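1. missing the sequence, but the structure's below:
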């Protein structure tokens with residue numbers, strides 16, 4: 001059995017294939033990446049899971065974070081530049097979080 005990993009990550013890469021998913025968590029370097037480029041950094045953990053697990057986990061994470069925002073009466077924003085860097089349109093972001 002693998003040793004538990006307790007670490008901090010501020011970036012991630014996700015790879016999805018027909019049989020599963022790998023999420024690589026990274027600690028970014030001291031300089032920001034060039035616009036439109038993939039964030040480089042030191043890999044601190046890799047988590048592999050089935051697509052079913054990924055989908056269930058995504059739902060539960062979403063539900064918990066929305067619940068936290070409602071309970072705390074806050075909204076956790078993401079800067080437009082971050083959304084652009086992840087190639088997420090503002091409309092898609094709003095639809096996902098607010099229906």
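-> Looks like it arrived, so ask away. Just so it is clear, the structure is predicted and the values come from calculations on it, not from any experiment.

2. now the strands for the chain?
-> Taking DSSP state E to define them, one finds strands in the chain at 11-17, 20-28, 41-49.

3. of those, which approaches residue 84 most closely?
-> Comparing the strands of the chain against residue 84 with Cβ to Cβ, the closest turns out to be strand 11-17 (15.5 Å). C-betas here are computed from N, CA, C, even on glycine.

4. which parts of that closest one are buried?
-> Residues of strand 11-17 classed as buried by neighbour count (16 or more other Cβ atoms under 10 Å): residue 11.

5. Direction included, what does that strand pair up with?
-> The pairing partners recorded for strand 11-17 under DSSP bridges are strand 20-28 (antiparallel).

6. Report the buried residues of the partner strand.
-> Along strand 20-28, these residues count as buried under the neighbour rule (16+ other Cβ under 10 Å): 21, 23-26.

7. for it, the distance to its chain's centre please.
-> For strand 20-28, the distance from its own C-alpha centre to the chain's C-alpha centre is 9 Å (Cα atoms, centre = their mean, to the nearest Å).

8. That concludes my questions; thank you for your assistance.
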